[in-house]
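Peer 1: sequence and predicted structure, then a few things I'm wondering about:
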Amino acid sequence: MRFPLPRIPQVNPKAILPDPTELREKLMRRPVNHAGTERVSTAPDANVGEKEISERIADLAVMDREAPHRVFDAYILNIDATVFAGAQLMPELKMVVDTLTSLRRPIRYLSMMSTVSSDALAKAMGAEGVQIDPHEIVTPGRQAARYLHKSYPGASVFVIGDDGLAGELDGRGIALSNDPAAIDVVLVGHDREFSFDKMTTAFRAIDENGADLVASSLRRVRHQPDGTREPGTLSIVTAIEVATRKRVAKNLGSPETDLLEMIFEDLAAAPEDALLVTDSLGADIRMAKRFGIPSALVLTGDVTVEHAESLKEKDQPNYVLDSVDSIIPPYIKDQL
């Protein structure tokens with residue numbers, strides 16, 4: 001016996017598939033639930049907002065190509081470029097240090113390298129004839145130790161970073177731990193040996209134990225002495241944020257001003273009467289703008305005058321100089 005096959009009605013596809021335009025409009029109107037999304041930190045914006053420029057330096061000129069005509073009350077020198085260049089830049093730096101010391105102007109030396117301690121930097125500079133007290137050098141490790149003592153007293157810290165960072169924290173009384181159940185803070189620095197095991201320890205400490213995530217910086221790219229580039233700390237921070245769905249609690253690097261706040265705690269000088277000297281645009285200049293300290297860009301790195309001129313005025317340094325010894329006024333140089 002044959003049974004008649006059921007008749008399948010013809011269906012208009014448009015009756016099943018919604019109109020794309022209508023669907024798009026519905027999605028646009030739908031509220032977004034941010035609780036379940038993975039929001040991560042990004043590198044600091046390329047431009048500083050108008051309100052982020054301190055009134056202390058708002059009226060200062062920018063992109064002045066002449067050497068300053070005054071002696072500032074204090075100087076903050078980013079010495080990373082000098083360390084990278086070695087003997088090439090040391091004579092200039094030595095002249096600057098000797099001159100400012102004779103003028104009784106305090107100097108603080110700034111390094112963004114979390115891989116090197118202040119003692120190691122002072123030793124390296126001393127070997128090149130530039131005598132610096134380690135206490136005058138501000139490193140990410142020293143700054144992190146200060147912040148942790150102040151904001152997380154007695155906390156146990158898991159360090160993602162090279163031995164230099166962990167060693168400096170340990171030497172400054174910070175308790176270190178690899179036990180996720182005991183960790184209160186995960187501190188991320190530059191780490192060429194970052195591994196899945198370190199990632200897992202950080203994940204468990206934050207996700208299961210409620211630890212906070214702190215970054216020594218949020219730089220996307222790290223420049224090397226030979227001119228090459230490698231991923232910066234931001235890549236590690238972002239990976240941990242995505243895994244834990246928890247944003248970084250604190251960025252200790254520029255353009256945040258914590259570094260300068262620490263420096264000026266023991267300087268008998270007002271920020272507007274000091275000078276920050278760096279060889280890089282971007283975060284260092286934005287930090288200076290926010291804090292209210294004049295800045296000088298020294299063209300010893302890979303930055304050009306054209307690059308600085310292409311930026312908006314609020315992102316440009318106050319001085320653009322060819323060498324670090326140009327921060328010394330001409331009338332002082334003439335007497336040397």
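Peer 2: Ah, there it is. Numbers count the residues shown, from 1 in each chain.
Peer 1: in terms of helices and strands, where is the residue nearest to Asp133 when sequence neighbours are not counted?
Peer 2: Excluding the flanking residues, the one nearest Asp133 by C-beta to C-beta, 6 or more residues apart in numbering is Ala122, at 6.9 Å. In short, each C-beta sits where N, CA and C put it, glycine included. Taking DSSP states H and E as the definition, one finds Ala122 inside helix 118-127.
Peer 1: give the pairing partners of the helix or strand that that helix is followed by; include direction for each.
Peer 2: Using DSSP H and E, the helix or strand that follows helix 118-127 in sequence is strand 137-138. Strand 137-138 pairs in its sheet with strand 107-110 (parallel), by DSSP bridges.
Peer 1: pull the CA coordinates from the strand it pairs with and hand them back as CSV.
Peer 2: What follows is strand 107-110, C-alpha atoms only, in CSV (Å, rounded to 0.1, in the frame of the first residue of the first chain):
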residue,chain,number,x,y,z
ILE,A,107,69.2,66.2,40.4
ARG,A,108,67.0,63.2,40.3
TYR,A,109,67.7,60.5,37.7
LEU,A,110,64.7,58.7,36.2
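Peer 1: average pLDDT across that strand?
Peer 2: Here strand 107-110 scores 93 as its mean pLDDT.
Peer 1: which residues touch that strand?
Peer 2: By C-beta atoms under 8 Å, 6 or more residues apart in numbering, the residues outside strand 107-110 that reach it are 74-80, 97, 100-101, 121, 132, 136-138, 259, 263, 267, 276, 278.
Peer 1: circling back to that earlier point, the residue nearest to Asp133: neighbour count?
Peer 2: Ala122: 19 surrounding residues under other C-beta atoms under 10 Å.
Peer 1: show me what contacts it?
Peer 2: Counted by C-beta under 8 Å, 6+ apart, Ala122 has contacts Ile132, Asp133, Pro134, Ile137.
Peer 1: can you name every helix or strand that the host helix or strand of Val157 contacts?
Peer 2: Using DSSP H and E, Val157 falls within strand 156-160. With contacts taken as 3 or more C-beta pairs under 8 Å, 6 or more residues apart in numbering; DSSP states H and E, strand 156-160 sits against helix 163-171, strand 175-176, strand 185-188, helix 196-207.
Peer 1: and the second one, how far from the chain's centre?
Peer 2: What that stands for is strand 175-176. Distance of strand 175-176 from the chain centroid (C-alpha atoms, centre = their mean, to the nearest Å) equals 23 Å.
Peer 1: can you list the low-confidence ranges for the protein?
Peer 2: Counting by pLDDT under 70, the chain has low-confidence residues at 1-51, 81-89, 224-227, 301.
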